[in-house]
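In: Fold the following, please.
(one chain, ligands or ions: 1)
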Amino acid sequence: MKFFIDTANLTQIREAQTLGILDGVTTNPSLMAKEGITGTENIKNHYKAICDIVEGDVSAEVIGTTYEEMIKEGEELAALHPQIVVKLPMIKDGVKACKYFSDNGIKTNVTLVFSAGQALLAAKAGATYVSPFIGRLDDISTDGLHLISEIRKVYDNYNFQTEILAASVRHTMHINNCAKIGADVMTGPLSAIEGLLKHPLTDIGLEKFLADYKKGN
Ligand code: G3P
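Out: Okay, the predicted model is just below:
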């Protein structure tokens, strides 16, 4: 499973890159705003800065909601750097724009996906990635992981090449379960990624190894 970090924070992106396990980055307008990045030029420069840190795909989300706006904006974003993936909302014009970019060799990430039917449409439009938001489904007492299983089944039935990018990941169990189900990618915060490192028996074991070493030296 590929690991993407879901943030626009350059320090955290560098930290994840240093760990040596990072395959890419996802951002969205809320994450950009959280870092205080505003204005078209600043946002574009920030995407370029992210691409300079990581080697993999970097999702950059369009703000426009009409087909024409999404095409114009997506083409500008894609021109910024070869690593840019144009992130499009799961709305009618977003699906049309996805098909356009797919036909023109530009990678896409269809976001705000909350049903298997939406994921099926995104795949048929040639999406590179589809982003089901599991945490937000959990938030409304609906099983987000079940959606990942459903999409996995649908894509395997028809051998769709669209990668399932489990998004709105909040904690380590989301990551573990996405891996068991067979999500192709997960995107989450650095805290969830680093949470995978932790086990009390690892800490106790290491402490004992070091104490025993000191006894003999
Ligand atoms: O990748 C989508 C993600 O940013 C949404 O996460 O935690 O705001 O639901 P969250």
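
In: Strands of this structure, start to end?
Out: With DSSP state E as the criterion, the chain has strands at 2-6, 24-26, 57-61, 84-89, 108-113, 129-132, 163-166, 185-188.

In: interface residues of this protein facing the ligand?
Out: For the chain, the residues in contact with the ligand under the definition CB under 6 Å from any ligand atom are 6, 26, 28, 131, 133, 135-136, 167-168, 170, 187. In this view, the C-beta of every residue, glycine as well, is placed from N, C-alpha and C.

In: As CSV, those with distance to Ala116 would be great.
Out: Formatted as CSV, these follow (distance: CB to CB, whole Å):
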residue, distance to Ala116
Asp6, 22
Thr26, 21
Asn28, 22
Ser131, 14
Phe133, 13
Gly135, 18
Arg136, 16
Ala167, 15
Ser168, 16
Arg170, 21
Thr187, 19
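
In: tell me the least confident of the residues you listed?
Out: For the residues of the chain next to the ligand, the least confident position by pLDDT is Asn28, scoring 94.

In: Stretch 191-209 spans what distance, first to last residue?
Out: The distance separating the two terminal residues of stretch 191-209, taken as CA to CA, to the nearest Å, comes to 27 Å.

In: same check, this time on stretch 57-65
Out: Stretch 57-65 stretches 23 Å from its first residue to its last (CA to CA).

In: Buried residues of it, list them for me.
Out: When burial is assessed from 16 or more other CB atoms under 10 Å, stretch 57-65 yields the following buried residues: 57-62, 64.

In: before we move on, the earlier item: buried only: go through the residues of the chain next to the ligand for me.
Out: 6, 26, 28, 131, 133, 135, 167-168, 170, 187.

In: Let me know the closest of these to Arg14.
Out: Using CB to CB, Asp6 is the member of those that lies nearest Arg14, at 15.1 Å.

In: Let me see the contact set for the residue positioned nearest the centre of the chain.
Out: With distances taken as CA atoms, centre = their mean, the chain has Thr187 as the residue nearest its mean C-alpha position (3.6 Å). Taking CB atoms under 8 Å, 6 or more residues apart in numbering as the contact definition, Thr187 lies against 4-6, 24, 26, 131, 165-167, 169.

In: same deal with Arg152?
Out: For Arg152, the contacting residues are 164, 181-183, taking CB under 8 Å, 6+ apart as the criterion.

In: Buried subset of those residues as a PyMOL selection?
Out: Selecting only the buried entries of these in PyMOL, with 16+ other CB under 10 Å as the criterion:
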select buried, resi 164+181+183
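
In: Out of the contacts of Arg152, which two are the most distant from each other?
Out: Using CB to CB, those reach their maximum pairwise distance at Ile164 and Ile181, which is 8.7 Å.

In: Now do the shared contacts for the two.
Out: Residues touching both Ile164 and Ile181 comprise 148, 152, with contact defined as CB under 8 Å, 6+ apart.

In: wait, Asp143 sits on Leu137?
Out: Yes: with contact defined as CB atoms under 8 Å, Asp143 counts as touching Leu137 (6.9 Å).

In: Compare the two (neighbour count), which wins?
Out: Under the criterion of other CB atoms under 10 Å, the comparison of Asp143 against Leu137 puts Leu137 first, with 19 against 11.

In: For the closest residue to that one other than its chain neighbours, grab the count of nearby residues.
Out: Counting by CB to CB, 6 or more residues apart in numbering, Gly144 is the residue found nearest to Leu137 once chain neighbours are left out, at 3.7 Å. By the criterion of other CB under 10 Å, Gly144 has 24 neighbours.

In: Many thanks, have a good one.
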